[in-house]
Structure formats: C-alpha cells, structure tokens
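Participant: A structural model of the following input is requested.
(2 chains)
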Amino acid sequence: MPAGSSPGFQATAYKVEEMLGESKFDEARELLKRLPAESFSLDWDDSGVPVELRARYAMARDGAIADWTKAIPGLQILLKVKGTIKVSFKQTLPPAPDRVIPAGAVFFTSDSAAEPRIEAVIALKRDTQPTLIDPRHVQNEVGYAIGSFLGIANLPRPVGYMGRMDQTSLLQLRVNPREIEVARENLAFVTILKTAVEKKIPLSPTKPQMFIDRSILDGQEVPQDEPMNFSLEVTNRGNATLKLRGFTECGCIHVGAPLSVEPGQSGLIQVTVDTNGLAGPFHKVFVIYSNDPENSEQIVKIKAWVTPRYRLLQESGAGAVVLSEDNLKQNFFFVVDQKRPFNVTGVKVNGIKAIAEFEPWEGTMPDPAIEEPAKPRKGYKLTLLASPTEHIRRSPMTFAISTDSKTMPIIYETMYVQWGISAPADVNFGEIPKAQTGLYFLVSQPGKPFKIRSVESDTDVIKTSVEPMKNGDYRVIVTLLAIVPVGRIDANITIKTDDPKQPVIKVRVLGIVR
Amino acid sequence: MKALLFGIALAIFGVGVLRQPAAKNKVVTLVIGGDVLGYLAPCGCTKPMEGGIRRWTAAVRTIQAQGPTVVVVNGGVPGGKGRQNELKSEALAESYKAVSINALNLTLHETELGRDVLVSIQRLSGNAFTTMSLEPSETLDASAMVESGPFLIGGAVSNPQLLAATAGERARETEAAINELTSDAESRGLKPILLWHGDEPSARELAKKHPSLVAIVFSSSSIPRGKPLQEGNTWLLTPGEKCRALVSARWDGVQFTDYRTVPLGPEISDDEVASRAYSRYLDRVGSEELLMKLPRSGDKQFAGSAKCFSCHEKATKVWKNSEHGKALATLEDDGHDKDPDCVGCHVVGLDSDSGFMTRAKTPTMANVGCESCHGPGAEHVKSPTENRFGRAGIEACMKCHVVDHSPNFDFSSYWDKIRH
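Facilitator: Modelled structure (predicted):
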C-alpha cells in the first residue's frame, strides 16, 4: 500500500485484502471495481447549473480531465451516465463540522456498487457572503474528484489538485508531480490485488500501524551552514509493511522518505534542514504520509535556533555609520564562529568610493542584534577607508567578503554610510491626485552643525520652506501646488548651505499626478 | 469621455474610497498583512505562483467592498538594506495607502533603512506607522496606538533597544507599553490588538500575561494554517511571510470568528493602483541601473555557453530547446530583465566580474547556461582533460528552484526536461 494514498483508498484496499484472506474472491472482485483503474467514467450532472453557465463549466471539467490524462499517460476518463465519479451542483452547502465557512464542495466516497465511487457536489455559491463560483473553481473541484478516485491523500497546501480549498480564492490548481507518483503507485497496487483475485490467491489481511516517537523536533542551537539532522523513530506496530513519504513546506527541509518499516520493526526517518542562509529562530512543519489507515497523516514541527556562522559588528553600534572629514576610517568586526572557522581572503567595497583592509582580530564586543552581551569574539577587523574626495551623503554600501569556505565563498553585507551633510537623493510623492500636496525630508549632519542658507525648486509648481529641528537637523517642506499638470513630476530642489565643502545639495523630486 | 470615465473610476477605486468605516462593537473584518520582506511580486518561473502586493491589494479591496474592515500590517516591509529595498518599500507603502491600512507596525526591517526612508514610507503609506516600542519622536511622527472600529491597536517589537538604536530614537519597555494599551482600551470601551513583531512562543507568553488582548498578530516564516491559533481567549494570528496569503478574521462584536487564509493565486486580478506603483518601482530599478551596481568578485572565471557548443553537441541541442536556453527572454517579456532579484537565476555568473553584464555586452552569458549548473568553466575550456567540468546534481538546481520560486520542483521530472 503506498504512502500518500487517501484514507478512503486505504480502507477499501484493506477490505479487499480481508476478503482475500477469507477467500471471498467474488466479493473481493466486486469491491476491487471500486478502486482506481486506468479507465473510468465521469457522470456530469449540470442540471442544477444555470443554462448560460453550462458550457463554461463543461470546459472547466474538460480542463481537469485533460490535466490528469496528460499527467498520467494511459489514463482514460469517459463521460457517462452512472459513472464511477459523479459531479452535480447545488446552490449552497453548509459548512463542514469543524469549519465556519460554507463548503465549496463536498465529496463522498462509497464502497457500494449502487453508488458512484466518488460523488462530488459543488456549491454554485460559496463563502459566507455567497459568491457565484468561477469555472476555475469547477476545474479545481473536478480535478480533486479525479484525484480522490485515484486514491490520493489531500495536500496541506494548494500546490496540486489535492490541496483544494473551500474559499473564494481563484487559484487554478494543477496536477502536482507528487500526485502523479502516488496515483501511479496506487494503480500498481490495485494491479497486484487484481492478480491475487484473478488467481484466487488467499492473502492474510495485514495492516501497518505507525507510531512516531515525537511530533516536535527541537534542534536547540544549531550552527548556521551545518545541516540540522534529526532522526525520527518510527515503529510499525502493525503486521504489514509501513510506508512513509514526507511533504515539506520549505525547500530547506529534506525528509528522507519514502521509507519502509517492516512489522514489529523500527526505522528512522532522517530529516535534514539546510541552514545555509538561515539565522535566528527556525519554525517549520512537515507532513508524514503513511499507509497506516488509522494514521495516514502526521504533522511534525521543527524548531531551532540557528547560530550565525559569522556576524558583522559595527564599532559604532547599530544604525548608519557616520564618517567625518576628521575620521574617514571606520572599523567593523567580522566575527567568525570558532566552532566552524573559516578564513577571509579578500574584502571589496561596493556602492561608495572606498577601500577596505582586513586583519585577524580578537576582542570583546556585544551583538545587540541578537541580544548577546559583550563577550570575547574572534575573526577579522575590516577597516573601511572612504575617499576624501567624495561626500557620499548617506549611501548603502556593501562589503563583498571573500572566504575560503566552500559553502560561503563570498559573503555580502550591506549597511549605510553617511559622510557630510545628508539629504535623500530623491523624494517621491508617489501617485497623487491633482491637488495641493506636501511632503518633507530631513537634512542632517550628526555631530557637525551647519546652516541651510536657501532652498529652491526649479519649477513653479513646487514651493519649499525650511524648519530647523531641536536636534540641529532641518526639515525641508516641499509643497506641490494644485496647478501642477497631470503627468510625471521630475523636478530638482537645490539646497545651499554654509558648509564650504558641500555648498550645494541637490534633491530630485519624483511622482505622478493623475 | 474616456478621460471622464477614467476620472470616475479613479474616484471609485482611488485611495480608500470604498472602505466603510468600522464602528465600535460592530461586525468588522480584521485583515492582516505584514512581513512581505520585499517580495512584491511572485517570481513567475513556475505556475501556479502565489502572492504579491498587487493581488494582496486587490483581495483587500474585495473584502472592503463587502463591509467594514480594519487592515493591519505587521511591519517587515523590506527584506534587507540597500537601494532596491528602499525602492521596494516605497512601492509597498503606496499599495498600503491604496487600501487605507489602519496600522503599520514599525519594525527593525524599516528602521534599518534609515530615517530618510522611514519618513518616506510613513508618508506614502498614509501615516500608518504605529509603535509603542519607541518614545514619541520629532522626526518620525508615528502613533503609539491607533483606534479603528472596535479596536485599539498598538505595535511593538521583541527587541525595542535595537529598534531604537537603528532609528536613532529612545526605546520603551514592552510590558509597560502593553499595559498602557490594554488599560487605554478598557477605559475607552475598545478591544486591544497587539501587532507583535516577535515569534509565536513570545506571542503566547504575552497572551497569557495580558488576557484582555483580543488578538496578537505575530511574525512567522511558516505558511498561515487553515485554523487560527488561540491562547486563552486571545487569537494569535500571523500573515506568514512574503505576501503569499491574505489572512482575515471576522469580529462579530463579541469575539473573532470566521478565520480565513486565502492564497493569492494568479487568478486574483492585479489591483490597478498597486500595479502602477509596482511598474514605477521597476522603472526606477531600471533607470538607476541597480543591476550594474551589484557587487561582483573576480574569484570565478566563466567562459560563456558558446565555448561549450563545439565539444558538447548533444547537450547543446538539448539546451537550445530547453526553457533554460531562453530563460533571459522570459524575464525580458515580463519586464524583469533589469531586476537584480530575478536576473541572477536567468543568466551565467551575475556575481562575477567575468559573468553576465547585459545581453549586448555578454551574449554568451545570457540565459541559464552550462556554467549556471556546472560552475565556472574557463579553466575547463583552456584544458578540458586536465580540468574536468564539475558534475551537477540536485544541489545545482536548488540554488534557483527553491520553494519560493519553484514550488512544484521535482528533480526527476524536471531533469527529464533537460536530460543531456
């Protein structure tokens, strides 16, 4: 029995096995007809659908059929009255027992030959404020009905037809590779049962029983870039082979499955989390699908704290690094986790005119970003040397740190550097109506007082004024007058200061008047 | 006439016109967003992709058209520092303003961009910033609490000291701030909601300590689940991250009901205002040539795909007919060919001095080439037998085919498409 098959498929398949165990071959043959086959039929009852919508819904149905037949070559789905799957429509449906939102569709699975194997009833209107469904909802529900007939378990996310939802979202689902895999395995399993029925081989009915020792994996503290490995012990307390398959919500988690555990045995599900690029708290879940009919899905949580393999600390604490004419040098500390050390082989500066030097370093520093108090640390001192010829105002700057680590050959760290009087390079009104509108921006130079002599714009539609602030900064107020024409705003503001090194500062004004 | 119709349409769909005011003690839908982390648009390399601010904005408008709403955003506007993140933040703030969000929690993500950008986000978002983690400031005119409908909403972060240090402001102690929120709410006959930029365990602790909070919106990298979490009577809600889903819950006047997570699939039409903000963002990324400003290193020596063709004929044929062989064209068609977020996975060696610059300058580095998966090949080209080309396995695929960008990636079926 494949893992990832639905509880309905599993229950019927076990019944067939039980019948084979009791040598009830004729009954087993009949019940076997309820299980997936490569060729089956769909009974389409659109009598409940308004006439004008019928053609569009039928096209949606055909879309779902085409998706499945394309995904699984050999699959044949015919339209037929009294088909294996029946699809009909109702105005609205009540919510499922544990939900408050009205159901978008309900699906019944039956073992009775007098009924369709899967009956889907689709609500024409869904949601608490009933909204007419779209053909895409119809395609999703028909796709789900076909997947249900093929015996595939629900998916926790809408990444395939089996991840259907009751909500009004119009996400167009498709067949997921995992669904194809499970459907193929189910069909192969049915073939085995068929052979047993035809050859009248009495089977001993067996069932696996999954017991997993934990539902939470606590990785505690894990170094970044070191795979986080967990072994989840699975015991099979049943008498048939237990099969498992994992489904993760993050590409960083790898679940070592499919895995088989023989009856009475225990096995280990190997779970690996790739922590490259992660840092700080880690909370994710994954689902284990099994062929245990009583416990076909189990959610397992993973939590951990990923200790960064490196940190870049600023001598000046947090926030932008402020340089001045007297001090164009700034030290940074590239702290390397000594449990998994690596060497820095080069440092380049990108974004501003500057160079960087580096040398091995040891010292005591806090790391406020991860709330670590001052403690001894080891790594490299990076010294930034800004060019004396360029006032950079306030700019993002990136260190490109080359290392001898195979997994992190280059590490990029971006921060802001301020030197001289700082004002934004541009200010953006965004999209605004044709009316008088204002904004302001700040002009500052921490630790070095200065005066603004004048502020002017290069257009009549923008007026400017200046307000000194208590902390020595200035607030420049920009007013866009109502006479501004419709269209793009692209103007310049010129700020004149008393600083001989930066007598003029330009700020661009952007926006669009609609 | 066309212009007149356009004007009317703008009046209807413009800033917050459709939003109905939420009255005290009335039924209201609480819509939750946040932690977009710069994921303004879904990467379109595999369908169906979820998410994006254009869809989020459209989905919020749909809810707003149905009745009173309170829209809260739990910070996490940019995904990092640097110019592109600044531009993203402005575009996102404009989208938030388009649906008149009621509160935007101020978090470290925003303060790290610096005061200039904070001021800009604050204005473009419609002055939505709220924070109880900082003392009132002359520079950033953020509200400590926001009254909206039946709620009093306050924002806080798990590390106020760091927030203050990056914002250049003074921090405020969390417990005192939340006590003020709950007592203010009580005295004003409102229900307190905390926007908490912290994880689920810390949100649970706060819910235990402050049981009068009707909801705590917390941060999580997990995808929002089909059922809400609760601690006592406090609902713990999260938008997840990267703007993949719209999360909402209905307040019926007494308690929350009707929790929903709506995946933002491609069938949700893009919102017009958010789309225009997004287009302007892309224009700015292009005009400021951010792609050309990416940091590069000289450590890796790429040769370009054309150098491989003469010896590897069979592989060349497969490659030319594959999606990899036209990967840059797909970006060009989408208008993302100047976007540093996207181009790296559609060309060879974008982070290298010897890699892709532009299609015109480095045509043989365009598209996902041989070296995208096998690694730099200049040495191999010089001496093929002495320097064997690296073998590529699933790890090479996973550099780009990550869940965020390629949710249906399955090695065996994808390998079949490029087997060589």
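
Participant: so how far is the helix or strand hosting B:V60 from its chain's centroid?
Facilitator: Element membership for B:V60 (DSSP states H and E) is helix B:53-66. Relative to its chain's centre, helix B:53-66 lies at 16 Å (CA atoms, centre = their mean, to the nearest Å).

Participant: next SSE after that helix?
Facilitator: That would be, after helix B:53-66 and using DSSP H and E, strand B:69-73.

Participant: how about the helix or strand just after that next one: buried residues?
Facilitator: Following strand B:69-73 in sequence order, the next helix or strand is helix B:83-98 (DSSP H and E). Within helix B:83-98, the residues that count as buried by 16 or more other CB atoms under 10 Å in any protein chain shown are B:83-98. The way it works is simple: take the backbone N, C-alpha and C, and place the C-beta from them, glycine included.

Participant: ranges for the helices of the stretch 101-250 of chain B?
Facilitator: Assigned by DSSP state H, counting those that start in this stretch, the helices in the stretch 101-250 of chain B fall at B:108-111, B:115-124, B:160-167, B:174-187, B:200-209.

Participant: just send those helices back as JSON lines, with distance to chain A too.
Facilitator: Converted to JSON lines, the helices of the stretch 101-250 of chain B look like this (distance: least, CB to the nearest CB, whole Å):
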{"stretch": "helix B:108-111", "distance to chain A": "8"}
{"stretch": "helix B:115-124", "distance to chain A": "4"}
{"stretch": "helix B:160-167", "distance to chain A": "4"}
{"stretch": "helix B:174-187", "distance to chain A": "13"}
{"stretch": "helix B:200-209", "distance to chain A": "7"}
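
Participant: make a markdown table out of these and add mean neighbour count.
Facilitator: Formatted as a markdown table, the helices of the stretch 101-250 of chain B follow (neighbours: other CB atoms under 10 Å in any protein chain shown):
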| stretch | mean neighbour count |
| --- | --- |
| helix B:108-111 | 25 |
| helix B:115-124 | 24 |
| helix B:160-167 | 22 |
| helix B:174-187 | 16 |
| helix B:200-209 | 18 |
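
Participant: in a markdown table: those helices, plus distance to B:A396 and mean pLDDT.
Facilitator: Below are these laid out as a markdown table (distance: least, CB to CB, whole Å; pLDDT from 0 to 100):
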| stretch | distance to B:A396 | mean pLDDT |
| --- | --- | --- |
| helix B:108-111 | 31 | 95 |
| helix B:115-124 | 36 | 92 |
| helix B:160-167 | 37 | 91 |
| helix B:174-187 | 45 | 96 |
| helix B:200-209 | 35 | 94 |
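
Participant: can you tell me the strand partners of the lowest-mean-pLDDT helix or strand in chain A and which way each runs?
Facilitator: Lowest by mean pLDDT, DSSP states H and E among the helices and strands of chain A is strand A:253-256, with a mean of 78. Pairing partners of strand A:253-256, with direction, according to DSSP bridges: strand A:266-273 (antiparallel).

Participant: so for the partner strand, what gets flagged as buried?
Facilitator: A:G267, A:I269, A:V271, A:V273.

Participant: does stretch A:367-386 come close to chain B?
Facilitator: Yes: counting by CB under 8 Å from any CB of the partner chain, chain B is contacted by stretch A:367-386 at A:P368, A:A369, A:E371.

Participant: go ahead and confirm A:A37 touches A:N186.
Facilitator: No: with contact defined as CB atoms under 8 Å, A:A37 does not count as touching A:N186 (10.2 Å).

Participant: who has more neighbours, those two?
Facilitator: More neighbours surround A:N186 than the other of A:A37 and A:N186, with 24 against 18 (other CB atoms under 10 Å in any protein chain shown).

Participant: the closest residue to B:Q230 other than its chain neighbours: what's it in contact with?
Facilitator: Sequence neighbours aside, B:L236 is the residue nearest to B:Q230 in space, at 6.5 Å (criterion: CB to CB, 6 or more residues apart in numbering or on different chains). By CB atoms under 8 Å, 6 or more residues apart in numbering or on different chains, the residues touching B:L236 are B:E200, B:A203, B:R204, B:A207, B:A215, B:I216, B:F218, B:P228, B:L229, B:Q230.

Participant: wait, doesn't A:D404 sit right on A:G346?
Facilitator: No: taking contacts as CB under 8 Å, A:D404 lies outside contact range of A:G346: 10.2 Å.

Participant: looking at the two, which one has more neighbours?
Facilitator: The neighbour comparison of A:D404 against A:G346 (other CB under 10 Å) goes to A:G346, with 14 against 11.

Participant: the more buried one: which element?
Facilitator: Assigned by DSSP H and E, A:G346 belongs to strand A:344-350.

Participant: can you tell me what sits against that strand?
Facilitator: A:334, A:355-358, A:379-380, A:382, A:384, A:397-404, B:293-297.

Participant: so what strands line up beside it?
Facilitator: Here strand A:344-350 is paired, per DSSP bridges, with strand A:393-403 (antiparallel).

Participant: between the partner strand and helix B:83-98, how many degrees?
Facilitator: 120 degrees (axes from the mean of the first three to the mean of the last three CA atoms, to 10 degrees).

Participant: just how off-centre is the helix or strand following strand A:393-403 within its chain?
Facilitator: Downstream of strand A:393-403, the next assigned helix or strand under DSSP H and E is strand A:410-419. Relative to its chain's centre, strand A:410-419 lies at 27 Å (CA atoms, centre = their mean).
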